[in-house]
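Visitor: next come a sequence and a model predicted from it.
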Amino acid sequence: MHVQQVHGSRQMTPGLVEFQRVENIRVTEADMLRGAAERIAEQGARFARERGAPSVEALVGEGDPARRIIEAARDRGAEVIVIGSRGLGDLQGLLLGSVSHKVAHLAPCSCIIVR
């Protein structure tokens, strides 16, 4: 699962307006961010499948990462959450708390934090 905190604007930048004119395709900043998030999630799912994970679903969410990960685990009856240990920088992580720390404390199932 990949969760975006930033949703992106529905407005088009001058570069995207020119892209629309040339290619006749309308693309907003939000569309580009969503596409990148989908590629990240699918790459993670493919990596897991290649290493023998029997059932993998690529998910993309928006909003608070810890909350969305926990909601997805509850909705799917997950037995375990595997999450990376890094995301925020040291100062931001210290002030706000890390996503992996929040997930580990609030998850409805076991949580494995990977470095």
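Guide: Thanks, I have the structure now. If you're wondering where the values come from, they're calculated on a predicted model, not measured in any experiment.

Visitor: and residue 58, how many neighbours?
Guide: In terms of burial, residue 58 registers 18 neighbours under the definition other C-beta atoms under 10 Å. All C-beta atoms are positioned from the backbone trio N, CA, C, and that covers glycine.

Visitor: that one in helix, strand or coil?
Guide: Here residue 58 is recorded as coil under DSSP: H, G, I helix; E, B strand; the rest coil.

Visitor: now residue 47
Guide: For residue 47, the secondary-structure state derived from three-state DSSP is helix.

Visitor: tell me who's in contact with it.
Guide: Residues near residue 47 by C-beta atoms under 8 Å, 6 or more residues apart in numbering: none.

Visitor: helix or strand right after the helix or strand of the chain with the lowest mean pLDDT?
Guide: Sorting the helices and strands of the chain by mean pLDDT, DSSP states H and E puts helix 90-96 at the bottom, at a mean of 54. For helix 90-96, the succeeding helix or strand toward the C-terminus, using DSSP states H and E, is helix 99-106.

Visitor: output that following helix in PDB with nothing but the alpha carbons.
Guide: Taking C-alpha atoms only, helix 99-106 is exported to PDB below (Å, rounded to 0.1, in the frame of the first residue of the first chain):
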ATOM      1  CA  VAL A  99       4.100   6.200  10.500                       C
ATOM      2  CA  SER A 100       5.600   2.800  11.400                       C
ATOM      3  CA  HIS A 101       5.400   3.600  15.200                       C
ATOM      4  CA  LYS A 102       1.800   4.700  14.900                       C
ATOM      5  CA  VAL A 103       0.800   1.600  12.900                       C
ATOM      6  CA  ALA A 104       2.700  -0.700  15.300                       C
ATOM      7  CA  HIS A 105       0.800   0.700  18.300                       C
ATOM      8  CA  LEU A 106      -2.700   0.900  16.700                       C
END
